[in-house]
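>>> Sequence and predicted structure below; questions after.
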Amino acid sequence: TGSSSCSICSAGQFTSGSGAPNCSSCVAGQYNNASGSSSCISCSPGTFMNTTGSSLCSICAAGQYSTQGSSYCSSCSTGQYNSAPGSPLCNLCSAGAYSSLTGSSSCSICSAGQFTSGSGAPNCSSCVAGQYNNASGSSSCISCSPGTFMNTTGSSLCSI
């Protein structure tokens with residue numbers, strides 16, 4: 001004998017049409033949070049779901065990001081960061097700053113005698129001999145003035 005009523009699909013499951021013999025689970029990267037759903041929703045950027053049949057998506061940690069419908073979070077590349085959980089993208093470290101590790105939630109500032117000339121640097125460069133800078137977070141070096149010199153790299157001052 002047949003059933004006299006239909007069962008309602010639970011959250012994380014759906015049926016795409018009438019007369020379905022059973023419920024299907026939402027795939028990884030999708031969810032639904034209501035019972036009786038006819039479809040699933042893609043996880044929004046900055047979130048992910050790596051299992052099937054979920055009723056919610058998880059938030060990516062700081063230093064990670066994801067795109068729409070992701071089943072995982074990706075780490076920010078070297079020279080990039082993001083400081084907020086749930087970020088949809090990573091930011092480039094600004095000139096004078098760097099990030100040498102993947103998955104960074106912040107950038108480090110170059111020391112005096114070092115610099116990065118552009119954004120997105122994985123490390124700082126030392127000022128060459130004959131140049132210096134005396135401020136941390138510099139984007140360039142300064143040539144020694146006439147009558148002064150510097151014969152080593154990475155200096156924060158020139159000698160008389």
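The structure has been received and is ready for your questions. Nothing here was measured: the structure is a model prediction, and the numbers come from that model. Numbers count the residues shown, from 1 in each chain.
>>> Next, the nearest residue in space to residue 139 that is not next to it in sequence: secondary structure please.
What sits nearest to residue 139 in space, not counting adjacent residues and going by Cβ to Cβ, 6 or more residues apart in numbering, is residue 95, at 3.7 Å. Using the backbone N, CA and C atoms, a C-beta is placed for each residue, glycine as well. Taken by DSSP: H, G, I helix; E, B strand; the rest coil, the conformation at residue 95 corresponds to coil.
>>> how many neighbours does residue 95 have?
Residues near residue 95, counting by other Cβ atoms under 10 Å, number 18.
>>> Next: residue 94.
Neighbouring residues of residue 94 were enumerated by other Cβ under 10 Å; the total is 16.
>>> Could you pull up the contacting residues of the residue nearest to it when sequence neighbours are not counted?
Computed as Cβ to Cβ, 6+ apart, the closest residue to residue 94 that is not its neighbour in sequence is residue 119, at 5.4 Å. If a contact means Cβ atoms under 8 Å, 6 or more residues apart in numbering, then residue 119 has 79, 92-95 as its contacts.
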